[in-house]
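A.B. asks: from the sequence below, what's the structure:
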Amino acid sequence: MEIHIGDRVADVTLVSKDGNKVQLTIDGTPYDVDIVMAENGSCSILHDGKSFNAELIRKEGGKSYTVNAHYQSYNIDIIDSQAKYLRMRKGADEKQQDKIVSPMPGKVVKIPVKAGDRLQAGDIVVVIEAMKMQSNYKVNSECVVKEILVNEGDSVNSNQVIMTLDVIKEED
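C.D. replies: Purely as a prediction, here's the structure:
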């Protein structure tokens with residue numbers, strides 16, 4: 001999952017959890033920590049013999065927090081696979097990017113376009129199966145398929161670029 005800490009984006013993976021002992025990786029670096037959570041949102045973390053305390057305050061929406069630690073406050077947003085999927089599904093509200101990126105690991109089921117195809121808003125560009133569910137990914141503005149970087153049947157990773165696009169700018 002991605003964790004946004006202000007302007008920083010960290011890739012965090014939970015490797016294992018046994019009681020309070022947690023193994024995780026942050027941007028590929030492994031960490032073994034002992035975490036104790038109190039009901040009031042206080043958190044005590046023990047790592048490499050050092051103790052850290054933090055206060056977690058959950059914001060509306062459930063996956064955003066204010067974390068107070070060391071006389072500093074941090075705004076934290078957790079972007080897990082579900083959040084990435086939902087962001088991709090409602091992407092029509094956002095400006096079309098020049099690439100299509102897989103929001104989560106999965107398998108490319110279908111690519112109904114080819115390089116050079118001119119697309120209209122709403123056209124499906126790829127179908128990905130993840131968590132036993134197929135999802136159609138569409139463009140939300142007029143564009144041309146520049147390059148397709150995967151094939152049907154390929155496995156894709158989270159944040160992997162699937163294809164590049166030339167977005168056609170609207171003339172004013």
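
A.B. asks: enumerate every residue touching residue 164.
C.D. replies: For residue 164, the contacting residues are 98, 99, 146, 147, 149, by C-beta atoms under 8 Å, 6 or more residues apart in numbering. C-beta: built from backbone N, CA, C; applies to glycine.

A.B. asks: show me where this structure has helices.
C.D. replies: 81-89 (DSSP state H).

A.B. asks: burial measure for residue 116, as a count.
C.D. replies: Number of residues near residue 116 (other C-beta atoms under 10 Å) recorded here: 9.

A.B. asks: quick check: it touching residue 144?
C.D. replies: Yes. Residue 116 lies in contact with residue 144 (C-beta atoms under 8 Å); the separation is 6.9 Å.

A.B. asks: centre of the chain to stretch 116-123, how far?
C.D. replies: Centroid separation for stretch 116-123 versus its chain: 25 Å, with C-alpha atoms, centre = their mean, to the nearest Å.

A.B. asks: how long is it end to end?
C.D. replies: Taking C-alpha to C-alpha, to the nearest Å, stretch 116-123 runs 14 Å from one end to the other.

A.B. asks: then stretch 57-69?
C.D. replies: This stretch, stretch 57-69, spans 12 Å end to end (C-alpha to C-alpha).

A.B. asks: for that stretch, give the mean pLDDT please.
C.D. replies: Mean per-residue pLDDT for stretch 57-69: 80.

A.B. asks: tell me how far that stretch lies from the chain's centre.
C.D. replies: Relative to its chain's centre, stretch 57-69 lies at 18 Å (C-alpha atoms, centre = their mean).

A.B. asks: what pairs with the longest strand along the chain, parallel or antiparallel?
C.D. replies: If you go by DSSP state E, the chain has its longest strand at strand 8-18. Using DSSP bridges, strand 8-18 pairs in its sheet with strand 2-5 (antiparallel), strand 21-26 (antiparallel).

A.B. asks: what's in contact with it?
C.D. replies: Contact with strand 8-18 is made by 1, 2, 3, 4, 22, 23, 24, 25, 26, 27, 28, 30, as judged by C-beta under 8 Å, 6+ apart.

A.B. asks: of these, which pair is most distant in space?
C.D. replies: Greatest spacing in the contacts of strand 8-18, by C-beta to C-beta: 4 and 23 (22.4 Å).

A.B. asks: which residues does residue 128 form beta bridges with?
C.D. replies: Residues in beta-bridge contact with residue 128 (DSSP bridges): residue 108, residue 135.
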